[in-house]
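Asks: Have a look at this prediction, sequence included:
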Amino acid sequence: MPSTADARAGRVAFTHPGFVLFQIARFLIVSAVEMQAVAVGWQVYEITKRPLDLGYVGLAQFLPGILLFPLSGHTSDRFERRKVLSACYAGYAICLAVLLALTRRGISSVVPIYFVLVMIGIVRSFNGPASRSILPQLVPEEHFANAVAWNATIFQGATILGPSFGGILYAAFHGPSVVYGVAGITALGAMIATFRIKPEVKARPREPMSLKTLFAGLDFIGNNKLILGAISLDLFAVMLGGAVALLPVYAREILHTGPWGLGLLRTAPGAGAALMALVVAHWPLRGKSGPKLFWA
């Protein structure tokens, strides 16, 4: 039987209020985004019945991140990350409100939806760097590893619950309106929780904005081959994993199911990732990690 001290050590990151609030906010916003993804995918395919349009859904959200990555990373370094995250979560809520308004008007074209998705892609491009870099400001260095473990676990929990809940709501209320409404309220909850975070802001040297500072991250990655290799592997894995955009076609035309089935399909990768996280936690990779990741 583990002692009380050992049990507390396993969740030591939660003794820091800022970390708790951040995890609440992150769980809510990831759930909201996953609910939106299920609703948009099914709605777009219902309108057009063309798989190509589902590819455009992913493209509309992907391109802003590619075009804005130097600016978004620089913003995360230059401004208080709590405020950047709060602004991003407010942006998500506004985009979801616009999707709700468009749906209530009974739109028959997907063009307005693509426009909103581009806005979501812009918000996501700023949200990613700020969300990943705020963690060291919420816990001391000795608790950072525990914080990272819980951060990944809670993220996977949201990717499991969000899509399934969104699909059930879509099916139960015969449309995406309720999904967008619930997701918007969830995003507002994430914004409120983030506002209450009081991170430990450490003084950092700030250089004038220039092309050198904008692309400093690329220089750092290029000079660190280990990081470059890990990021390259992740890049190709994500690129080839984009087939999940076609899940509405698979759910409707092959499995002959409804939006609830699409929600379950989008839940499956998160469930698999959570299961693998447990496996790696008990049997960590020791030696030759690169080849194992390559084959994975």
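Replies: Here it is on my side, so go on.
Asks: Where does the prediction get shaky in the stretch 101-250 of the chain?
Replies: Low-confidence segments of the stretch 101-250 of the chain, defined by pLDDT under 70: 201-218, 220-222, 226, 230, 234-242.
Asks: show me where it has helices.
Replies: Along the stretch 101-250 of the chain, counting by DSSP state H, counting those that start in this stretch, helices occupy 111-133, 144-172, 177-195, 211-214, 216-223, 225-240, 247-249.
Asks: Between these, which one is closest to residue 259.
Replies: For residue 259, the closest of the helices of the stretch 101-250 of the chain is helix 144-172, at 3.7 Å, according to C-beta to C-beta. All C-beta atoms are positioned from the backbone trio N, CA, C, and that covers glycine.
Asks: Which elements pack onto that closest one?
Replies: Applying 3 or more C-beta pairs under 8 Å, 6 or more residues apart in numbering; DSSP states H and E, one finds that helix 144-172 contacts helix 17-48, helix 177-195, helix 259-282.
Asks: in that helix, what counts as buried?
Replies: Using 16 or more other C-beta atoms under 10 Å as the test for burial, helix 144-172 gives 146-147, 150-151, 154-171.
Asks: before we move on, the earlier item: would you list the helices of the stretch 101-250 of the chain in CSV and tack on distance to residue 29?
Replies: Shown next, in CSV, are those (distance: least, C-beta to C-beta, whole Å):
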stretch, distance to residue 29
helix 111-133, 8
helix 144-172, 8
helix 177-195, 4
helix 211-214, 26
helix 216-223, 23
helix 225-240, 19
helix 247-249, 22
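Asks: Can you check which of these gets nearest to residue 92?
Replies: helix 177-195 (4.3 Å).
Asks: re the thing from before, okay if I get the helices and strands packed on helix 144-172 as JSON lines plus distance to residue 66 and mean neighbour count?
Replies: JSON lines is the format used below for those (distance: least, C-beta to C-beta, whole Å; neighbours: other C-beta atoms under 10 Å):
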{"stretch": "helix 17-48", "distance to residue 66": "18", "mean neighbour count": "23"}
{"stretch": "helix 177-195", "distance to residue 66": "24", "mean neighbour count": "23"}
{"stretch": "helix 259-282", "distance to residue 66": "22", "mean neighbour count": "17"}
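Asks: And residue 107, how far from residue 80?
Replies: For residue 107, the distance to residue 80 equals 38 Å [C-beta to C-beta, to the nearest Å].
Asks: Least confident of the helices and strands packed on helix 144-172, on average?
Replies: Looking at the helices and strands packed on helix 144-172, the lowest mean pLDDT belongs to helix 259-282 (a mean of 81).
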